[in-house]
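Undergrad: With the sequence up front, the predicted model follows.
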Amino acid sequence: MSAIAPHVLFEQVRSTAAWALDGPASPTTSFRDALGDLDAATRAYPDGLPYFRALLAAHFCTVATFVPTDVDARIRHHAFTAMDARAIDDACSVIDEAARWDATLVSARVVSFEGISISGIGGEWLAVRAGALGRALSIGEGAIASRLEAAIDEELDREHALYVALEARGDALDVLRAATTIAHNLGDLSRVVDLWPDKPAHAIRAKYTRLGHDFSAKYDRFARAGALNKAVMAEENHRFLALRRPRALRRSRDLLLPIGPFFDDWGKTIATHASLDDRDRAEVVDALLALHASRETQRGCLRALAGIDAATRGGLPKIVELLPAKTRRALASGPLRDALKTPREAFEARMRKTVQRAI
């Protein structure tokens, strides 16, 4: 697989999430350093460590945006195929650095409770470590494999502990958010492990491919989280490809989409954010209506539209005056009319009851 040229990679980040590059570098923001030195990444292209670090930084900055960089296969698989033991060990240090980056700076999909935070970006690092682990196992580097396995287990321990605490003491909506995040992260991990060659240890492969299904395992709550996600949230967090069209959504971290279907506040942000004008808002509404038309069972886009309607003088009809008549007719949709009449509090109360029944 050919790698993305560094200058193209850097431009993709600037086009999608330029706001993420503003500010000083620190241990939790050193991704800015990685994306601030085009010369180093270019000299290391395509297999050197500075380029690998830049790939991780680009993925980190954009994976929770509307237009993520397409580097998944490289950072999970192809980057490791020719690595020897020393190169894998060096790559592990870069992955450890990346895992310390502050996900709240680039994602609105972070779940926190009692000092523990998880996000879908954690799943990206699980997947990258799994790629390195597969390579270490295939060349018989047991010490490096143990280091990677320990790092993967540490992240799984954190996510399991968060879910246990939320089920016992947290808000039901955060239980849902955590279930969705964990299901995503376990999926990322298992997909990489499933693609290992036959040579790596079967016991380790089995350990990481059934985490979301085995109620008797060490991480028994992962199976509960997976079942809850499937029962309640499976329709809610698809890729929202229509929202790639409104380029105005790339202007600020404030405009990142949170975990669905809880988009009322996001809709209010769209209606009031200083970086957006009426034409920008109309483009976002048009994309949301397209999403609703393509997936009518998805509640998140309806809640976003309800949030926009509630925070706009004159409501949605005022915004869609800027759209074609065909789009304006979409306001007559029965599910949309019901959503606009349902306050956020009533919607979320129903979701809490759904969680309690499912648990």
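TA: Received, thanks.
Undergrad: And the single longest helix found in the chain, what's buried?
TA: Longest helix of the chain, by residue count under DSSP state H: helix 142-169. By 16 or more other CB atoms under 10 Å, the buried positions in helix 142-169 come out as 144-145, 147-149, 151-152, 155-156, 159-163, 165-167. The way it works is simple: take the backbone N, C-alpha and C, and place the C-beta from them, glycine included.
Undergrad: same check, this time on stretch 108-123
TA: Neighbour count says stretch 108-123 has 108-111, 113, 118-123 buried, by 16+ other CB under 10 Å.
Undergrad: how close does the residue lying closest to residue 82 once chain neighbours are set aside sit to residue 12?
TA: Excluding its sequence neighbours, the residue lying closest to residue 82 (CB to CB, 6 or more residues apart in numbering) is residue 47, at 6.7 Å. Distance of residue 47 to residue 12, given as CB to CB, to the nearest Å: 20 Å.
Undergrad: try residue 52
TA: Relative to residue 12, and taking CB to CB, residue 52 is found at 17 Å.
Undergrad: Between these two, point out the one with more neighbours.
TA: Per other CB atoms under 10 Å, whichever of residue 52 and residue 12 has more neighbours is residue 52, with 28 against 19.
Undergrad: Test my guess that residue 276 contacts residue 269.
TA: No: using CB atoms under 8 Å, residue 276 is not in contact with residue 269; the gap is 9.0 Å.
Undergrad: Quickly list what's touching both of the two.
TA: Residues touching both residue 276 and residue 269 by CB atoms under 8 Å, 6 or more residues apart in numbering: residue 255.
Undergrad: What would the helix or strand that contains residue 122 look like as PDB? C-alpha coordinates only.
TA: Secondary structure assignment for residue 122, by DSSP states H and E: helix 120-138. Coordinates of the C-alpha atoms in helix 120-138 are reproduced here as PDB (Å, rounded to 0.1, in the frame of the first residue of the first chain):
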ATOM      1  CA  GLY A 120     -13.000   6.300  20.600                       C
ATOM      2  CA  ILE A 121      -9.400   7.500  20.100                       C
ATOM      3  CA  GLY A 122      -8.500   4.900  22.800                       C
ATOM      4  CA  GLY A 123      -9.700   2.300  20.300                       C
ATOM      5  CA  GLU A 124      -7.400   3.700  17.700                       C
ATOM      6  CA  TRP A 125      -4.400   3.100  19.900                       C
ATOM      7  CA  LEU A 126      -5.600  -0.400  20.800                       C
ATOM      8  CA  ALA A 127      -5.700  -1.200  17.100                       C
ATOM      9  CA  VAL A 128      -2.300   0.300  16.400                       C
ATOM     10  CA  ARG A 129      -0.800  -1.600  19.300                       C
ATOM     11  CA  ALA A 130      -2.500  -4.800  18.000                       C
ATOM     12  CA  GLY A 131      -0.800  -4.300  14.700                       C
ATOM     13  CA  ALA A 132       2.600  -4.000  16.300                       C
ATOM     14  CA  LEU A 133       1.800  -7.000  18.600                       C
ATOM     15  CA  GLY A 134       1.000  -9.200  15.600                       C
ATOM     16  CA  ARG A 135       4.400  -8.300  14.000                       C
ATOM     17  CA  ALA A 136       6.300  -8.900  17.300                       C
ATOM     18  CA  LEU A 137       4.700 -12.300  17.700                       C
ATOM     19  CA  SER A 138       5.300 -13.300  14.100                       C
END
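Undergrad: can you state the direction angle for it and helix 142-169?
TA: 150 degrees (axes from the mean of the first three to the mean of the last three CA atoms, to 10 degrees).
Undergrad: quick one: pLDDT of residue 103?
TA: According to the prediction, residue 103 has pLDDT 98.
Undergrad: Residue 117 versus that one, what's the distance?
TA: From residue 103 to residue 117 the distance is 7 Å (CB to CB).
Undergrad: what touches both of these two?
TA: Residues touching both residue 103 and residue 117 (CB under 8 Å, 6+ apart) are residue 110.
Undergrad: Show me where the stretch 151-300 of the chain dips below the pLDDT cut-off.
TA: Within the stretch 151-300 of the chain, the segments meeting pLDDT under 70 span 199-200.
Undergrad: Which residue ranges of this structure form strands?
TA: 110-113, 116-119 (DSSP state E).
Undergrad: May I see those strands organised as a markdown table, with mean pLDDT and distance to residue 189 added?
TA: Putting the strands of the chain into a markdown table (pLDDT from 0 to 100; distance: least, CB to CB, whole Å) gives the following:
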| stretch | mean pLDDT | distance to residue 189 |
| --- | --- | --- |
| strand 110-113 | 98 | 18 |
| strand 116-119 | 97 | 13 |
